[in-house]
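>>> Here is a sequence together with a model predicted from it:
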Amino acid sequence: MVYAVNTHCHADHITGTGVLKKLLPGCKSVISKDSGAVADIHIQEGDLIKFGKYSLEARATPGHTDGCLTYVLNDKSLAFTGDALLIRGCGRTDFQQGCPKALYQAVHSKIFTLPDSCHLYPAHDYTGQTVTTVEEEKRLNPRLTKTEAEFVEIMNNLNLPRPGQIDIAVPANLKCGIQDD
C-alpha cells in the first residue's frame, strides 16, 4: 500500500495529496479524523500506518489545529511533526482551531518525550533547515523552553498578519486539497 500522509489541514493552502494520488495508482490519502478533511483513511491517536517492516504511530498534537498529528517511526529514530513543532519554533495558534495551551501540552507530552536523539522533520522551515532533534528543541527552542504560562503569553501576542487565503472558500470535494476520488 502507498500512502500520502498529512499532518494537518489548513484552509489557506492545499496539500500535494491529489497530485500524488494521480501519479501513484492505489495511493491512499491519510489524515486525522479530527481534521474535518476529506481523505481515504481517517486516523487518530495510536493508530499505526504500516509499510514494509516499518510503521508510523499517529500521535495527536493539537494546538496549531485540532487535527494535527505527529507521525513517529516505530523505532523512534524520527518523527514528522507537521506544524506542531518547527525548527526553533512552532505553528501559530491564533486562527482556525489554534490553542497555545493545547499546543504546549501536546509538544511536551507527545514529542519531547521521544528519545533526545530522535530526528524531527517539520512540515516546513523558513530558514532552509530540514531537520532537528528532540534534544536540540528542548534546549534551543525559544518558545517551547519557556513555562506553559510564558508560552501562552508569547503565542497570544505574536500579532501576525492573517493569512491572505484563509477566508477563501474551498470546494467540498477538494477540502484541504485531499481529493475524494
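Nice, I can see it.

>>> strand partners of the longest strand seen in the chain, parallel vs antiparallel please.
Within the chain, and with DSSP state E defining each element, the longest strand by residue count is strand 54-60. If you go by DSSP bridges, strand 54-60 pairs up with strand 48-51 (antiparallel), strand 69-73 (antiparallel).

>>> quick one, which of those is packed in tightest?
strand 69-73 (a mean of 24; mean count of other C-beta atoms under 10 Å). Heads up, the C-betas are built off the backbone N, CA and C, glycines and all.

>>> Which positions within stretch 84-99 qualify as buried?
84-93, 95-99 (16 or more other C-beta atoms under 10 Å).

>>> Just the CA coordinates for that stretch, please, in CSV.
What follows is stretch 84-99, C-alpha atoms only, in CSV (Å, rounded to 0.1, in the frame of the first residue of the first chain):
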residue,chain,number,x,y,z
ALA,A,84,3.1,21.5,15.7
LEU,A,85,6.9,21.8,16.2
LEU,A,86,9.1,23.7,13.8
ILE,A,87,12.8,24.1,14.0
ARG,A,88,13.3,26.6,16.8
GLY,A,89,9.6,27.5,16.6
CYS,A,90,6.1,26.1,16.3
GLY,A,91,2.9,26.7,14.3
ARG,A,92,0.9,29.7,15.1
THR,A,93,-2.2,29.4,17.3
ASP,A,94,-4.2,32.5,16.5
PHE,A,95,-6.7,31.2,14.0
GLN,A,96,-8.6,28.1,12.8
GLN,A,97,-8.8,26.0,15.9
GLY,A,98,-5.5,27.2,17.4
CYS,A,99,-4.9,26.9,21.1
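
>>> Just checking, which helix or strand of this protein averages the lowest pLDDT?
helix 17-23 (a mean of 90; mean pLDDT, DSSP states H and E).
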